[in-house]
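> The sequence and its predicted three-dimensional model are supplied below.
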Amino acid sequence: MKIDKEWVIDQIEKIACFGKGQRGITRLAFTEADIQAQEYIMSLMDQVGLVVSRDQMGNIIGRLEGGDKALPAVLTGSHLDTVPEGGKFDGVVGVVGGLAAIRRIQGMGVLNHTVELIVFVGEESSRFGFATLGSKAMVGLADTHAWSKAKDQNGVSFQQVMAQHNLNIQQIGAAARSSEQIKAFVELHIEQGQVLEKSGNTIGIVKTIAAPTRLKITVEGIAAHSGSTPMEERCDALVSAAMIILAIQEIALQQAGRGTVATVGALKVYPGSINVVPGLVEMWVDLRGVNQESIVECLQVIKDAISNITEEQDTVVAIEMISSEKPVEMNPEISKLIQKSCTDIGAPYQVIHSRAGHDAMNMSKLAPTGMIFVPSKEGISHNPDEYTGYDDIMTGIDVLTETLYQLAK
Ligand SMILES: [Zn+2]
C-alpha cells in the first residue's frame with residue numbers, strides 16, 4: 001500500500017460515501033453510516049498490520065507495537081462522526097492522516113514506543129447533546145449518569161444505542177486509561193476558521209482550545225389571545241427573548257477584541273401559534289473564547305442585561321448553566337516539537353487558537369497534547385462546502401509523521 005496523495009484522496013473520498021445524502025454527509029454518532037465508516041477504517045488498519053481493538057466506549061484503537069513494551073505509547077487520532085449535512089474533512093483528515101503517518105513510520109524500522117491511532121466515537125454533540133464522548137471516556141471523564149438519560153431526536157436512548165453495539169453504559173468507566181500508559185497525543189485537524197487561509201500559512205500549531213459555556217434561558221410571559229389582548233397589557237415572552245438575544249450579541253461584540261463569541265442557536269416558542277401571544281420561550285446560548293476572564297465577564301454582563309430586560313418587560317427568566325468548561329492550553333513541549341517538524345520540513349506555520357472543541361481538549365488531561373491545523377477554505381465547516389486542499393493535507397501529514405516519529409523513536 002503506497003501512502004501518497006492519491007491514496008489519501010482515495011480514502012477521504014471513500015469515507016465520504018458513508019452517509020452521503022442530497023446535501024453533505026450525515027454520519028451521526030453510532031448510526032449505521034458511522035459504523036460503516038469505522039469498519040472501513042478498521043479494515044485499513046488491519047491491512048497495514050496494526051493490532052486493532054475497541055475499548056468499552058467503542059473507541060477504535062490501532063496499535064503499531066513498539067520495540068519496548070514497557071514504554072508509554074504515542075497516540076494520534078480524531079473522529080469519523082459528523083454533524084447533520086456536514087463535510088468530508090472534519091475529523092476524517094486526522095483519522096486518514098494519522099493512518100498515513102503511522103504507515104510511513106512503519107517504514108522507518110521498529111521504534112521504541114508503540115504508536116496508536118485512535119478513532120474517537122461521538123465527537124459531535126449532534127445526536128445526543130453531549131460532545132467528545134469517546135475522548136471523555138478515555139480520560140475517565142464519562143458522565144454515565146447524565147449520558148444514560150440522553151436520547152436522540154427519534155427518542156432512541158444512548159443506552160439502547162450502546163447495547164445495540166454490544167456495549168454496556170455501566171462499563172464505560174473501564175475505557176479510562178492511565179497517564180502512565182501514554183506519552184503524548186497529537187491530533188491533526190482542519191482549522192474550521194480562516195486564520196491560516198488569510199495568513200497564507202499551511203500549518204497552525206494550536207496554543208489554546210476555546211471551551212464552550214452553555215446556557216439554557218427560559219423566559220416566562222403570559223400566553224394570551226393575539227386579537228383581544230391590548231398591546232400595553234401583554235407579557236410577551238418572545239419579545240423579551242428577542243431583546244435578550246440582541247443584548248447577548250451586543251455584549252459579545254464588545255468582547256470581540258478578546259476573542260469571545262456568543263450565539264443563540266436554538267429557540268423554542270410556546271405555544272407556538274400565530275394567534276397566541278407567546279407565553280414561554282426556551283433558548284440556548286453558546287459562549288466561547290480563549291480568554292477565561294473575558295468569558296466570566298461576558299457571562300456576568302449577560303446576566304445583568306437579562307435582569308434589566310425582564311424587570312422592564314415583567315417577564316420571569318430562569319438561567320440554567322448546562323456546561324462551563326475552561327479554555328484548554330496545549331502542551332508547550334509538544335507544540336515546540338511540532339514547530340521543529342515544520343521547520344525541518346519547510347512548512348510555513350504559525351501559532352493559532354482553536355475556536356472549536358476537539359478530542360485533544362480531553363486528551364490533554366491525560367497526556368501532553370498538541371494539535372496541528374491545516375487550512376479550511378473560507379473557514380467553512382460543519383457544511384457540505386467544507387474544503388481543505390490535498391496539498392495542505394499532505395503537508396499536515398508530513399508534520400504529523402515527523403512529530404510522531406520524534407516522540408516514538
Ligand atoms: Zn472535528
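Thanks, I have the structure now. Numbering: from 1, shown residues only.

> does the spatially closest residue to residue 284 that is not a sequence neighbour count as helix, strand or coil?
Leaving aside its sequence neighbours, residue 284 sits nearest to residue 266 (CB to CB, 6 or more residues apart in numbering; 4.3 Å). No exception for glycine: its C-beta is placed from N, CA and C like everyone else's. What DSSP: H, G, I helix; E, B strand; the rest coil gives for residue 266 is strand.

> neighbours of residue 266, just the number please.
11 (other CB atoms under 10 Å).

> any idea how far it is from residue 277?
Computed as CB to CB, to the nearest Å, the residue 266 to residue 277 distance reads 21 Å.

> for residue 359, same thing?
Taken as CB to CB, the span from residue 359 to residue 277 is 45 Å.

> Now do the helices in the protein.
5-16, 32-48, 92-106, 133-138, 144-147, 158-164, 195-199, 237-254, 292-313, 332-345, 359-363, 390-408 (DSSP state H).

> Could I get those helices in CSV, plus columns for mean pLDDT, distance to the ion and mean neighbour count?
CSV is the format used below for the helices of the chain (pLDDT from 0 to 100; distance: least, CB to the ion, whole Å; neighbours: other CB atoms under 10 Å):
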stretch, mean pLDDT, distance to the ion, mean neighbour count
helix 5-16, 96, 14, 16
helix 32-48, 96, 14, 18
helix 92-106, 97, 8, 26
helix 133-138, 96, 11, 29
helix 144-147, 90, 20, 14
helix 158-164, 93, 20, 17
helix 195-199, 97, 16, 17
helix 237-254, 96, 23, 19
helix 292-313, 93, 22, 16
helix 332-345, 98, 18, 17
helix 359-363, 96, 8, 27
helix 390-408, 97, 14, 22
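
> how about CSV for the ones you listed, with distance to residue 184 added?
What follows is the helices of the chain, written out as CSV (distance: least, CB to CB, whole Å):
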stretch, distance to residue 184
helix 5-16, 23
helix 32-48, 20
helix 92-106, 13
helix 133-138, 14
helix 144-147, 28
helix 158-164, 29
helix 195-199, 23
helix 237-254, 35
helix 292-313, 25
helix 332-345, 6
helix 359-363, 9
helix 390-408, 5
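
> Out of those helices, which is closest to residue 324?
With CB to CB, the closest approach to residue 324 among the helices of the chain belongs to helix 292-313: 8.3 Å.

> before we move on, the earlier item: go through the helices of the chain and name the closest to residue 76.
The nearest among these, by CB to CB, is helix 92-106 at 4.2 Å.

> how far off helix 32-48 does that closest one point, in degrees?
10 degrees (axes from the mean of the first three to the mean of the last three CA atoms, to 10 degrees).

> Using CSV, write down the CA coordinates of helix 92-106.
Extracted in CSV, the C-alpha atoms of helix 92-106 (Å, rounded to 0.1, in the frame of the first residue of the first chain):
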residue,chain,number,x,y,z
VAL,A,92,-11.6,12.4,8.8
VAL,A,93,-8.3,14.3,8.0
GLY,A,94,-7.0,13.3,11.4
VAL,A,95,-8.0,9.7,11.1
VAL,A,96,-6.8,9.1,7.5
GLY,A,97,-3.8,11.4,8.1
GLY,A,98,-3.0,9.5,11.3
LEU,A,99,-3.1,6.2,9.5
ALA,A,100,-0.9,7.6,6.7
ALA,A,101,1.6,8.9,9.2
ILE,A,102,1.8,5.5,11.0
ARG,A,103,2.2,3.7,7.7
ARG,A,104,5.2,5.9,7.0
ILE,A,105,6.6,5.4,10.4
GLN,A,106,6.3,1.7,9.9
